[in-house]
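Asks: Starting from these lines, generate the structure:
(one chain, ligands or ions: 1)
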Amino acid sequence: MPIQYNEFYNQRTGLTIGLNKLLFSVQSDYQLVEVFETDTWGNLMTIDGMVMLSEKDEFVYHEMLSHVALFTHPNPERVLIIGGGDGGTAREVLKHPSVKQVDMVEIDKTVVDASKLHFPDVGDFSNPKLKVLYEDGIAFVKNVETPYNVIIIDGSDPVGPAEGLFEKDFYQFCLHALTEDGVLTAQTESPWVESYYPSMKKVFYALEDLFPISKMYLSFIPLYPAGMWSMACASKKINPLSSEVSAKIKQSDRITSHLKYYNADVHSGSFALPNFVQKIIQR
Ligand code: SPD
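Replies: Alright, predicted model coming up:
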């Protein structure tokens, strides 16, 4: 095993993490799933050589992908997660007492197995409200009969099995799989990595065409390429920047006081985009 893990996001430029040992390495039918013990970030999961999460920084991604959607919806009861096999997004969703059912559709059981073994604090897999389905998320969304209040797209990067999660058709199916006040969030890659721009544009143009409200927001995740990460929030009715949403977050101290990243100010501030980021998705 090499002593360092490198993820190159442009030629020879990338991220380096010191490794202590390899804990898990399985080539599934879909991808290579690995877990390393690192010298700084706790355990680290990679898929096909790309960082998915580390024990130390996963809270940023999972809190931001989940709570922005869950607080925007006035009463989220039914939640669908596409991907999210490590369980971190489900863990955050389940912190909302209004939630009655979470369906997590993960194509690759190996990701869930790796998380259960090596990320014991990430997944809340024994929660009776959580149902894990090992299926293709795109096919699942196409056939949803009872709509969801919230859909969260917690996929991997736009290469391999997650490529379809960046296509307009997929978001069209999501629109139909949401209730009339439904809210969607999705991970949409790093604004610093130009090779991601075509995928980012595809998602944001699709959401703008399909949903009355769609916005990009940002968070800062040290182990993702260049540290700045974009996410999308699309909503059929409620604006995530409305005063009702802000009031709801401020009244939900029982949830937010236990979080490590997300709060009412972070929620609204995360939608402020630097000019170069706005430009990526401008038509
Ligand atoms: N390159 C990082 C892309 C991360 C996408 N999802 C991560 C899964 C964490 N639940």
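Asks: Can you give me the distance of the closest residue in space to Phe8 that isn't next to it in sequence to the ligand?
Replies: Distance criterion C-beta to C-beta, 6 or more residues apart in numbering; nearest residue to Phe8, sequence neighbours excluded, is Gly14 at 3.8 Å. Every residue, glycine included, has its C-beta placed from N, CA and C. Gly14 sits 11 Å away from the ligand, going by C-beta to the nearest ligand atom, to the nearest Å.
Asks: where's Gly14 relative to Met50, distance?
Replies: Gly14 sits 10 Å away from Met50, going by C-beta to C-beta, to the nearest Å.
Asks: Spell out which residues are contacts of both of these two.
Replies: Glu7 (C-beta atoms under 8 Å, 6 or more residues apart in numbering).
Asks: Compare neighbour counts for those two and give me the winner.
Replies: Met50 (16 against 13; other C-beta atoms under 10 Å).
Asks: Tell me the confidence at that one?
Replies: pLDDT, Met50: 94.
Asks: isn't it right up against Pro158?
Replies: No. Met50 is not in contact with Pro158 according to C-beta atoms under 8 Å; the separation is 10.7 Å.
Asks: Now for the nearest residue to Phe59 once chain neighbours are set aside, how many residues are close by?
Replies: With C-beta to C-beta, 6+ apart as the criterion, Phe59 has its nearest non-adjacent residue at 4.6 Å, and that residue is Lys260. Counted with other C-beta under 10 Å, residues neighbouring Lys260 total 10.
Asks: same thing with Thr13?
Replies: 10.
Asks: residues contacting it?
Replies: Not one residue lies near Thr13 by C-beta under 8 Å, 6+ apart.
Asks: go on, Ile280?
Replies: Applying C-beta under 8 Å, 6+ apart to Ile280 gives the contacts Pro191, Tyr197, Met200, Lys201.
Asks: any idea whether the residue nearest to Phe59 is helix, strand or coil?
Replies: Following DSSP: H, G, I helix; E, B strand; the rest coil, the label given to Lys260 is coil.
Asks: just Gly85 next, same as before
Replies: Gly85 is classified as coil under three-state DSSP.
Asks: Does it touch Glu106 like I think?
Replies: Yes. Between Gly85 and Glu106 there is a contact under C-beta under 8 Å: 3.7 Å.
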